[in-house]
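> Any chance you can model this:
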Amino acid sequence: MAEKHTEITQRILKLMRDTFPGEFKAFYDGDPDQIPTFNLPCIVVDQTNDETERGAWDQDDVTETIIIKVIYNKEDDYSGNVDPLNLTSRKIRRAVAARDPETGKYAKNTIKYAIRQFTTEGITAIATSMSVSYGLVPRLEGDIGILTQEAHVQFPVRYSVDVQQR
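Numbering: from 1, shown residues only. Next up is the predicted model:
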């Protein structure tokens, strides 16, 4: 895993690449808003919030809110050979939280499994809570509108930063 002082988004992005080798066409640090269809499906990792509190012993306690977006092209569901039992919605739900049918645990190639197994060097707490929202999102590809189906997995990451120069 990355060094303990690497940006959290970069660490999570590497974690997503390691979790989904070959399954997604692109991985973004930050939402580019316009995603070319040839880069779908993709994963976006972004930071939505940062709270800094004065901690103990010359430290700041920082809580970042991270969002992982799983993005598919909804148009994939409109082809004549689409499997009606495996639409993009199901693919997205499986990427977020598929379960092993025998053990009931999160499957290894899921976001929830990866986050729970994440190397926590330099991190005080990760994903003490997670929220997932699903939906359709209109996006642009150049001048053309496209419709994506997405899952947004949001969770906090907490760590401390030394504020005194020694």
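> packing partners for the helix or strand harbouring residue 158?
Secondary-structure assignment from DSSP states H and E places residue 158 in strand 144-162. Applying 3 or more CB pairs under 8 Å, 6 or more residues apart in numbering; DSSP states H and E, we find strand 144-162 packed against strand 59-73, helix 88-97, helix 111-116, strand 125-126, strand 131-141. The way it works is simple: take the backbone N, C-alpha and C, and place the C-beta from them, glycine included.
> Check the offset of that strand from the chain's centre.
5 Å (CA atoms, centre = their mean, to the nearest Å).
> quick check: mean pLDDT across that strand?
Confidence over strand 144-162 (mean pLDDT, whole number) is 93.
> pretty sure residue 125 contacts residue 118?
No: here residue 125 lies out of contact with residue 118, judged by CB atoms under 8 Å, at a distance of 11.1 Å.
> Neighbour count: those two, which is higher?
Shown here are residue 125 and residue 118; by other CB atoms under 10 Å, residue 118 has more neighbours (17 against 11).
> and the more buried one, what is it in contact with?
By CB atoms under 8 Å, 6 or more residues apart in numbering, the contact list for residue 118 reads 11, 12, 15, 126, 127.
> Give me the phi and psi angles of the first one.
What it means is residue 11. phi -70, psi -40 (degrees, to the nearest 10).
> Distance to residue 147 added to the helices and strands packed on strand 144-162, as a markdown table?
Below are the helices and strands packed on strand 144-162 laid out as a markdown table (distance: least, CB to CB, whole Å):
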| stretch | distance to residue 147 |
| --- | --- |
| strand 59-73 | 8 |
| helix 88-97 | 10 |
| helix 111-116 | 22 |
| strand 125-126 | 32 |
| strand 131-141 | 6 |
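> would CSV of the ones you listed with mean pLDDT and distance to residue 152 be doable?
Shown next, in CSV, are the helices and strands packed on strand 144-162 (pLDDT from 0 to 100; distance: least, CB to CB, whole Å):
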stretch, mean pLDDT, distance to residue 152
strand 59-73, 95, 5
helix 88-97, 97, 10
helix 111-116, 94, 11
strand 125-126, 84, 17
strand 131-141, 93, 5
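> Just give me the residue closest to the centre of the chain.
Geometric centre of the chain, nearest residue: residue 68, 2.1 Å, by CA atoms, centre = their mean.
> contacting residues around the closest residue in space to that one that isn't next to it in sequence?
The spatial neighbour of residue 68 that comes closest, neighbours along the chain excluded (CB to CB, 6 or more residues apart in numbering), is residue 153 at 4.5 Å. Residues in contact with residue 153 (CB under 8 Å, 6+ apart) are 67, 68, 69, 70, 96, 111, 112, 115, 130, 131, 132.
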